[in-house]
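Q: Predicted structure and sequence below. I'll ask about it afterward.
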Amino acid sequence: MTEIKGWSRPDMARRLAADIPEGWAVNLGIGLPTLVANYVPLDREVIFHSENGVLGVGPAPEPGAEDPWMINAGKQLITLRPGASLMGQADSFAVIRGRHLDLAVLGGYQVAANGDFANWSTGRAGEAPAVGGAMDLGAGAKQVWVLMEHVAKGGVAKLVERCSYPLTARGSVTRVYTDLAVIDITASGFVLRECAPGLSRADVQAVSGAPLG
Amino acid sequence: MTEIKGWSRPDMARRLAADIPEGWAVNLGIGLPTLVANYVPLDREVIFHSENGVLGVGPAPEPGAEDPWMINAGKQLITLRPGASLMGQADSFAVIRGRHLDLAVLGGYQVAANGDFANWSTGRAGEAPAVGGAMDLGAGAKQVWVLMEHVAKGGVAKLVERCSYPLTARGSVTRVYTDLAVIDITASGFVLRECAPGLSRADVQAVSGAPLG
Amino acid sequence: MIDKFVPSVEAALDGIGNGATLMIGGFGTVGQPDCLVDGLIARGLRDLVVIANNAGGDFGGLPKLIEQGAIAKVICSYPRATGKTAFDALLAAGKIELEIVPQGTLAERIRAAGVGVPAFYTPTAAGTALAEGKETRVINGREAVLEYALAADFALVQAWEADRWGNLTYRGTGRNFNPIMAAAARFTIATAHHARPLGALDPEHVMTPGLFVQRVFVAGSAL
Amino acid sequence: MIDKFVPSVEAALDGIGNGATLMIGGFGTVGQPDCLVDGLIARGLRDLVVIANNAGGDFGGLPKLIEQGAIAKVICSYPRATGKTAFDALLAAGKIELEIVPQGTLAERIRAAGVGVPAFYTPTAAGTALAEGKETRVINGREAVLEYALAADFALVQAWEADRWGNLTYRGTGRNFNPIMAAAARFTIATAHHARPLGALDPEHVMTPGLFVQRVFVAGSAL
């Protein structure tokens, strides 16, 4: 298999960010999804939610202006933007579980053609499983977009017919953004919407574990 | 039957108020129970709860100092005492239903020897039933004391073996204060603790619908 | 730019049609969205289902809406009022349906809809007429009644302050049902006494995040 | 006079014994009752059940309590931490029990205990390994899992301000699990950064009413 090269991690986040309309309330998962906020300009008003109790997360604080009481779910220091509100855990998860979020952007180990996804446990023994808010976001957000590398280390496909890892939620994912492509999940399975520059449909299909319509 | 005369309504409220220890959180029902607050001195710190969202109800406002935004569950204007807090309905009923109230003082149509009580509906057709927070208080407060006239109009007993009116809650009432007596409810039924001045056990028993131990 | 302010009651209520299920905030005279209810009366609607704590009372526009025949069903905890009301007459004539719910169960069912809990158990009303026909289960030795989430097409709520994102604060005992109704309805319309610039409300003290609010009309009352 | 202030951590923790179920507030480094957890370590307890969002993390005293062997069982959503922790080793050796609960379900189960809801349904985790063996029911076409209220003997919470009635405020993202834990435990012990005279806290902005709090120790941190 020839090594194929697509979007960088910042480019992946930028590509996804471009699709978030003004006015949406969006939760960004820990890790790569958190980068998405960097590519949504402040004048496009998107309300970022952090499940530890923030609606309206702003940019990272300037050096010297950090407030140790203000962190996001990834334990990073944050600022609030004008219009922000703070709340406790029950209310913060009410936002998620009450279907008030327009979008959750989550990382993934596997995404299946039926919209199932797995991102919380490899199922390996001896490793403490850690779910955090992933299952709440998976079941609660109006839409779930997964942002992940297209292929796992060792060349194993992450877009699959059915997940083999323990599920996070069933049938929730509507779109996947990878380093190689943008793929919708429809009633008939994966549908390839866009390839990274220089890649063909065949290139992307070759490293996917299920047909791309 | 000779007319017997016991405590006045203010005296009933005063008698009950004497038994509320400092530090208790207490909900006073609409009507006669509301009078109880008048007989708890402010320096005995009792935290009065009103189910529309107040902990720490203070005395009625002085004329000219009324705040139309501050009412109790009986829709009367109130003040807050220092230490008070305001909350919405879900949180206010969390106080009740989560068993955080030491006491609810409620009016009653009937109280039964097994602690059942009825205070929300006469069951008569053509009258809209209105439960308000009575069932929540009946099921949720750590103790329920009923404050009511001993005998209904027409001489019908209100202390009964089993309630004939639709129940508010089962087995909740631990004490009854009437114009004639103070009566505990124990595992073996009503137990007379005190008679109004000038009345004998026989006087009170004669107008009760169940044995007073 | 997100801007949920609308210039009139008419614009605020746009889209509410016959047969809609509406939540109306307030307890007694406090925290009721009076101008919005008055606007509803002007729309001349039919077959509404109304979820509110009170129904028959002599405060606010709800009794007028009932009198008008706009309401097919009321879900409330306390429909009784001093004196005979239009509600009593319609109820006696079988022209309005009443679902009576204990106030705390009403609050918790409304909250449940807003937080994605489809059903829950409560000891309140167990063994009473209001639990008749309902599923029950003994949990930790105590009988509890299964109650379902109560959602609505629209919520009409009254706030003290609002900003253009729809963040709200309430005043005094005016909070009551308003925050849980705002979260429980698919479309929430708020009236507020004061408009504030974005960022003026303390993030610690926002009581309803704008996410739960779709439109805000600033009534500009004197209070 | 109601006065819930106590002069020391020792006095605050008095009565917590072996085998107690404890809730510990906090998310990440924020809103953790550090001085109370340190006090627990000094007590040298055994067989504790701890309910907290995190377990293995490298912040606060909880990992030290785990290392000490004081804890028989952890109920949490996120025990994983960077690097190998004492928790991982004890778990692998079968010396500590882990109940993993989705964070929102954890929050809602804790809230449920405080508000008198013995059990509720949630779509979260339906069809996943975390719902295995749990009762489910389809409500409005969606599978939901039955979850039970999660109570505790004691809650240790961290507040920003407190008065002698035990009324509390929180700061920033330090609110997190603290208010729901305060309500869910049979006995709640708070540490606060600032003592305020009774009446100094705005009744609109009290976040935990004193009713839910039994003792307050003012840590007097610099922050």
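A: Cool, the structure landed. Numbering: from 1, shown residues only, chains lettered A, B, ... in the order given.
Q: which SS class is A:W120?
A: Three-state call for A:W120 (DSSP: H, G, I helix; E, B strand; the rest coil): coil.
Q: Let me see the contact set for it.
A: A:W120 is in contact with A:129-132, A:134-135, A:166, A:168, counting by C-beta atoms under 8 Å, 6 or more residues apart in numbering or on different chains. Every residue, glycine included, has its C-beta placed from N, CA and C.
Q: Show me these that map onto helices.
A: Mapping those onto helices (DSSP state H) picks out A:134-135.
Q: hmm, stretch A:60-74 in reach of chain D?
A: Yes. Interface with chain D: stretch A:60-74 contributes A:67-73 (C-beta under 8 Å from any C-beta of the partner chain).
Q: Which of those residues are buried, as a ChimeraX select command?
A: Entered in ChimeraX, the line below selects the buried ones among those, by 16 or more other C-beta atoms under 10 Å in any protein chain shown:
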select /A:69,70,71,72,73
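Q: and which of the residues of stretch A:60-74 next to chain D is nearest to D:A159?
A: Distance to D:A159 across the residues of stretch A:60-74 next to chain D (C-beta to C-beta) is lowest for A:W69, with 12.2 Å.
Q: Now the nearest residue to the closest one once chain neighbours are set aside: phi and psi?
A: Distances taken as C-beta to C-beta, 6 or more residues apart in numbering or on different chains place D:G172 nearest to A:W69, at 3.0 Å, with adjacent residues excluded. D:G172 adopts backbone torsions of phi 60, psi -130, taken as degrees, to the nearest 10.
Q: how far away is D:G172 from chain B?
A: D:G172 sits 20 Å away from chain B, going by C-beta to the nearest C-beta, to the nearest Å.
Q: Just to check, that residue is in contact with A:M70?
A: Yes. Here D:G172 reaches A:M70: they are 4.9 Å apart, a contact under C-beta atoms under 8 Å.
Q: hang on, the earlier thing: looking at the residues of stretch A:60-74 next to chain D, which is nearest chain D?
A: A:W69 (3.0 Å; C-beta to the nearest C-beta).
Q: hang on, isn't the closest one packed against D:Y170?
A: No. Using C-beta under 8 Å, A:W69 is not in contact with D:Y170, being 9.0 Å away.
Q: Now do the residue nearest to C:I24 when sequence neighbours are not counted against chain B, distance only.
A: In space, and not counting its chain neighbours, C:I24 is closest to C:A52: 4.3 Å by C-beta to C-beta, 6+ apart. Distance, C:A52 to chain B, by C-beta to the nearest C-beta: 12 Å.
Q: Repeat that for A:P166.
A: To chain B, A:P166 is 34 Å away according to C-beta to the nearest C-beta.
Q: In this model D:A129 seems to touch that residue, though I could be wrong.
A: Yes. Counting by C-beta under 8 Å, D:A129 is a contact partner of A:P166 at 4.6 Å.
Q: in stretch A:200-208, what's buried?
A: Residues A:203-204, A:207-208 are the ones in stretch A:200-208 that count as buried (16+ other C-beta under 10 Å).
Q: right, is the host helix or strand of A:V176 up against chain D?
A: Assessed by DSSP states H and E, A:V176 sits inside strand A:173-177. No. If you take C-beta under 8 Å from any C-beta as the test, strand A:173-177 misses chain D, and the best it gets is 13.8 Å.
Q: Mind listing what's buried along that strand?
A: Within strand A:173-177, the residues that count as buried by 16+ other C-beta under 10 Å are A:173-177.
Q: Could you save these as a markdown table and add columns showing pLDDT?
A: Output for the buried residues of strand A:173-177, formatted as a markdown table (pLDDT from 0 to 100):
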| residue | pLDDT |
| --- | --- |
| A:V173 | 98 |
| A:T174 | 98 |
| A:R175 | 98 |
| A:V176 | 98 |
| A:Y177 | 98 |
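Q: got a list of contacts for whichever helix or strand comes after the strand holding A:V176?
A: Using DSSP H and E, the helix or strand that follows strand A:173-177 towards the C-terminus is strand A:181-186. If you take C-beta under 8 Å, 6+ apart as the criterion, strand A:181-186 is touched by A:6, A:15, A:111, A:113-115, A:150, A:159, A:173-176, A:190-196, A:199, A:204, A:212-213.
Q: Strand A:181-186 pairs with which strands?
A: strand A:173-177 (antiparallel), strand A:189-195 (antiparallel) (DSSP bridges).
Q: Can I get the last one as CSV, trimmed to CA atoms?
A: What it means is strand A:189-195. The C-alpha trace of strand A:189-195 is given here as CSV (Å, rounded to 0.1, in the frame of the first residue of the first chain):
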residue,chain,number,x,y,z
GLY,A,189,-24.4,4.1,4.3
PHE,A,190,-21.2,6.1,3.7
VAL,A,191,-21.4,8.7,1.0
LEU,A,192,-18.1,10.4,-0.1
ARG,A,193,-18.6,14.2,-0.4
GLU,A,194,-15.1,15.5,-0.8
CYS,A,195,-11.5,14.2,-1.1
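Q: so A:D203 makes contact with A:V151?
A: No. In terms of C-beta under 8 Å, A:D203 does not count as a neighbour of A:V151; the distance is 11.4 Å.
Q: what does stretch C:124-132 contact?
A: Under C-beta under 8 Å, 6+ apart, the answer for stretch C:124-132 is B:97, B:121, B:131, B:135-136, B:138-140, B:166-170, C:100-102, C:104-105, C:136, C:142-145, D:116.
Q: can you give me how far it is from the chain middle?
A: How far stretch C:124-132 lies from its chain's middle: 23 Å, per C-alpha atoms, centre = their mean, to the nearest Å.
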